[in-house]
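**Student:** here is my input; please provide its structure:
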Amino acid sequence: MEYTTLAAVDLGSNSFHLAVGRVVDDQIYPLDSIKEAVRLGAGLGPDRRLDAATQERALAALRLFAERLAGLHPDSVRIVGTNALRVAKNARDFLERAEEILGFPIEIISGREEARLIYSGVVHSLPLSDRNRLVIDIGGGSTEFIIGVKLRPKVMESLYMGCVSWTARYFHDGRIEKKAFKAAELAAREKVLPIVAAFQKTGWKEAVGSSGTARAISEAMVASGRADRGITADGLQWLREQAIAAGDVRKLDLPGLKEERLPVFPGGLAIMSAIFSELGLRQMTLADGALRQGVLWDLLGRVHHRDIRDVTVDQFVRRYHVDPVQSQRVGALSRELYGQLEPVQDEKAAAAERFLAWAARLHEIGISIAQGAYHKHSAYILANADMPGFSRQEQGWLSNLVLAQRGSLAKMREVFGDDPLLVTTALCLRLAVIFYRSRRTLRLPALRLERRARGFRLAVGREWLADNTLIAIALEAERAEWDTAGIGFEAVEA
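**Tutor:** Residues are numbered from 1 along each chain as shown. Okay, here's the model as predicted:
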């Protein structure tokens with residue numbers, strides 16, 4: 001199904017943004033937007049837990065968003081969380097409350113996935129160019145660096161520094177001291193230094209800034225007559241001097257600088273100054289696009305059946321030299337069995353089938369590391385690798401599914417208990433791996449997989465089992481394995 005209205009929500013460390021777009025052919029036209037300055041990152045204490053007051057402020061903002069999202073189809077909405085929710089130890093508790101208010105799932109994306117989406121949002125707001133562009137986005141808790149050409153990102157990095165975290169660390173109570181500013185710049189330069197060589201090797205012809213920090217700096221610079229447009233190195237030096245001279249954000253009176261930006265302005269300014277120094281920048285233009293627009297474009301690809309996740313799976317298959325014939329065998333049988341258990345699928349069951357198909361293609365990527373316990377290597381790669389298009393939760397789900405394909409199931413008991421669809425897909429993948437252990441095409445008998453009172457039963461032709469003793473033994477051993485996970489399973493002769 002294709003949708004005429006799409007919505008993206010960015011739960012940033014500084015601000016929450018909602019963007020709604022109208023889809024016409026392959027284009028997105030803005031319909032509505034809401035921004036709430038939540039300062040989520042400022043609510044992270046030394047123990048890396050979000051305090052109660054910040055959570056309530058964030059939930060109040062989401063109640064406003066929920067009103068605008070009401071009535072939209074689940075497939076037409078994507079909500080992503082960034083750095084503050086990546087690092088908060090109590091993020092899960094907050095997300096449960098947030099999802100209950102919004103009525104939609106929230107995805108926590110990795111830093112590099114955030115960078116990819118930012119780049120997409122930026123380049124869709126600019127004329128296409130054959131020259132490399134450097135895109136920099138200083139957020140509340142992290143800063144993303146991307147070099148790309150046209151719609152394709154080439155190099156991406158995400159560094160754990162942002163305007164909220166830097167302001168809290170170096171500019172306590174709004175005070176701006178010269179010594180503290182130098183310390184903030186030095187710390188930011190140390191963060192940037194390890195990526196400089198790789199970025200300079202790739203090279204760029206134009207530097208582009210996106211999101212609130214870059215816009216605030218540019219607006220202050222232009223309104224003060226220090227730049228015609230964008231950001232310049234000379235203008236940054238002047239702003240730095242003005243901030244230090246003011247000594248306090250409450251005394252920083254600059255034309256064009258909005259009051260809502262003042263509380264996090266010093267940290268963002270110090271980071272931008274450090275980036276210009278380390279990368280040798282003299283000027284930077286601005287883009288209207290940012291993360292939320294990138295999420296919209298990514299969502300458009302999904303609903304128009306051009307899902308970046310399919311591209312990522314294709315790349316992993318090639319990178320890890322997967323045997324395509326074996327993965328096709330396992331995939332076809334696992335999906336056939338799944339269809340018997342889920343003949344009429346709702347949205348969640350259909351999504352699980354798609355993950356089952358991806359898992360079948362990727363279940364052997366760990367063999368490139370070692371054949372022994374390859375399922376564990378496969379699961380580790382899927383849980384920890386950069387996988388464009390996949391959220392952290394999706395990678396975790398895919399990793400658990402691949403981990404369950406063989407070996408002990410006792411390790412899966414806890415995760416199985418919370419997710420019946422993971423149980424179903426894991427069973428289908430596991431059975432397909434057993435039947436095709438010989439890695440050759442077989443003439444399989446009629447297989448009938450069905451749910452029972454406390455588990456599953458697989459019916460297999462008696463004569464076929466008699467001719468395939470190894471598979472018969474493996475199926476018998478499955479009963480004990482599934483028992484360790486608290487789930488019944490039996491293979492019977494038909």
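**Student:** do a quick rundown of the helices in the stretch 151-300 of the chain.
**Tutor:** Ranges of helices within the stretch 151-300 of the chain are 163-170, 178-202, 211-223, 233-246, 265-279, 291-303, based on DSSP state H, counting those that start in this stretch.
**Student:** going by mean pLDDT, which of the ones you listed comes out lowest?
**Tutor:** Here these differ in mean pLDDT, and the lowest is helix 291-303 at a mean of 91.
**Student:** so how far is the very next helix or strand once past that helix from its chain's centroid?
**Tutor:** Downstream of helix 291-303, the next assigned helix or strand under DSSP states H and E is helix 308-319. Relative to its chain's centre, helix 308-319 lies at 16 Å (Cα atoms, centre = their mean, to the nearest Å).
**Student:** tell me the average confidence for the helix or strand that helix 308-319 is followed by?
**Tutor:** For helix 308-319, the succeeding helix or strand toward the C-terminus, using DSSP H and E, is helix 324-341. Taken as a whole, helix 324-341 carries a mean pLDDT of 95.
**Student:** residues contacting helix 324-341, please?
**Tutor:** Residues outside helix 324-341 that contact it (Cβ atoms under 8 Å, 6 or more residues apart in numbering) are 317, 352-353, 356-357, 360-364, 424-425, 427-429, 431-433, 435-436, 439, 441, 444, 447-451, 456. The way it works is simple: take the backbone N, C-alpha and C, and place the C-beta from them, glycine included.
**Student:** hmm, 7 Å instead?
**Tutor:** 353, 356-357, 360-361, 363-364, 424-425, 428-429, 431-433, 435-436, 439, 441, 447-451 (Cβ atoms under 7 Å, 6 or more residues apart in numbering).
**Student:** how big is the angle separating that helix from helix 308-319?
**Tutor:** Here helix 324-341 points in a direction 140 degrees away from that of helix 308-319 (axes from the mean of the first three to the mean of the last three Cα atoms, to 10 degrees).
**Student:** pop the domain breakdown of this protein in here.
**Tutor:** Split into domains by automatic domain parsing, the chain comes to 5-108+293-300, 126-287, 307-439.
**Student:** let's have those in JSON lines, adding distance to Ala491 and mean neighbour count.
**Tutor:** Formatted as JSON lines, the domains of the chain follow (distance: least, Cβ to Cβ, whole Å; neighbours: other Cβ atoms under 10 Å):
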{"stretch": "domain 5-108+293-300", "distance to Ala491": "35", "mean neighbour count": "19"}
{"stretch": "domain 126-287", "distance to Ala491": "47", "mean neighbour count": "19"}
{"stretch": "domain 307-439", "distance to Ala491": "9", "mean neighbour count": "18"}
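**Student:** now Phe456: which helix or strand?
**Tutor:** strand 455-460.
**Student:** can you name the next helix or strand after that strand?
**Tutor:** helix 462-467.
**Student:** which element follows that next one toward the C-terminus?
**Tutor:** Once the chain leaves helix 462-467, the next helix or strand it forms, by DSSP H and E, is helix 469-484.
**Student:** convert the C-alpha atoms of that following helix to PDB, please.
**Tutor:** Taking Å, rounded to 0.1, in the frame of the first residue of the first chain, the C-alpha atoms of helix 469-484 are listed here in PDB:
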ATOM      1  CA  THR A 469      18.100 -40.800   9.600                       C
ATOM      2  CA  LEU A 470      20.300 -37.800  10.500                       C
ATOM      3  CA  ILE A 471      17.400 -35.500  10.100                       C
ATOM      4  CA  ALA A 472      15.100 -37.800  12.000                       C
ATOM      5  CA  ILE A 473      17.600 -37.800  14.900                       C
ATOM      6  CA  ALA A 474      17.900 -34.000  14.800                       C
ATOM      7  CA  LEU A 475      14.200 -33.600  14.900                       C
ATOM      8  CA  GLU A 476      13.900 -35.900  17.900                       C
ATOM      9  CA  ALA A 477      16.600 -33.900  19.700                       C
ATOM     10  CA  GLU A 478      14.600 -30.700  19.100                       C
ATOM     11  CA  ARG A 479      12.000 -31.800  21.700                       C
ATOM     12  CA  ALA A 480      14.500 -31.500  24.500                       C
ATOM     13  CA  GLU A 481      15.900 -28.200  23.200                       C
ATOM     14  CA  TRP A 482      12.500 -26.500  23.100                       C
ATOM     15  CA  ASP A 483      11.700 -27.900  26.500                       C
ATOM     16  CA  THR A 484      14.700 -25.800  27.900                       C
END
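**Student:** what packs against that helix?
**Tutor:** Applying 3 or more Cβ pairs under 7 Å, 6 or more residues apart in numbering; DSSP states H and E, one finds that helix 469-484 makes contact with helix 420-435, strand 488-493.
**Student:** out of the ones you listed, which gets nearest to Arg306?
**Tutor:** Nearest to Arg306, of all the helices and strands packed on helix 469-484, is helix 420-435, at 24.2 Å by Cβ to Cβ.
**Student:** tell me the angle the helix or strand that the closest one is followed by makes with helix 420-435.
**Tutor:** Using DSSP H and E, the next helix or strand after helix 420-435 towards the C-terminus is strand 448-452. Angle of strand 448-452 versus helix 420-435, following the same axes, to 10 degrees, is 140 degrees.
**Student:** tell me what angle strand 448-452 forms with strand 488-493.
**Tutor:** 140 degrees.
**Student:** what does strand 448-452 rub up against?
**Tutor:** Under Cβ under 7 Å, 6+ apart, the answer for strand 448-452 is 337, 340-341, 456-459, 488, 494.
**Student:** which helices and strands does the helix or strand of the chain with the lowest mean pLDDT pack with?
**Tutor:** None of the helices or strands of the chain scores lower by mean pLDDT, DSSP states H and E than helix 413-417, at a mean of 88. Here helix 413-417 touches helix 420-435, going by 3+ Cβ pairs under 7 Å, 6+ apart.
**Student:** thinking again about what came up before, farthest-separated two in the contacts of strand 448-452?
**Tutor:** The largest distance within those, taken as Cβ to Cβ, falls between Gly488 and Ala494 and amounts to 18.3 Å.
**Student:** circling back to that earlier point, indicate each strand paired with the strand holding Phe456 and its parallel or antiparallel sense.
**Tutor:** Strand pairing for strand 455-460, using DSSP bridges, gives strand 448-452 (antiparallel), strand 488-493 (parallel).
**Student:** Gly396: which of those is closest?
**Tutor:** Evaluated with Cβ to Cβ, the strands paired with strand 455-460 place strand 488-493 nearest to Gly396, the distance being 24.3 Å.
**Student:** okay, the strands paired with strand 455-460, which one's buried deepest?
**Tutor:** Among those, the stretch with the highest mean neighbour count (mean count of other Cβ atoms under 10 Å) is strand 488-493, at a mean of 16.
**Student:** so what pairs up with the closest residue to Thr4 other than its chain neighbours in the strands?
**Tutor:** For Thr4, ignoring the flanking residues on the chain, the nearest one in space by Cβ to Cβ, 6 or more residues apart in numbering is Val23 at 5.4 Å. Taking DSSP bridges as the rule, Val23 bridges to Ile28.
**Student:** does Val23 touch Ala7 like I think?
**Tutor:** No: assessed by Cβ atoms under 7 Å, Val23 is found out of contact with Ala7, at 11.1 Å.
**Student:** most distant residue from the centre of the chain?
**Tutor:** Relative to the mean C-alpha coordinate of the chain, counting by Cα atoms, centre = their mean, the farthest residue is Glu463 (48.8 Å).
**Student:** per-residue confidence at the residue lying closest to that one once chain neighbours are set aside?
**Tutor:** Nearest residue to Glu463, sequence neighbours excluded (Cβ to Cβ, 6+ apart): Pro445, at 7.9 Å. Pro445 is assigned 90 on the pLDDT scale.
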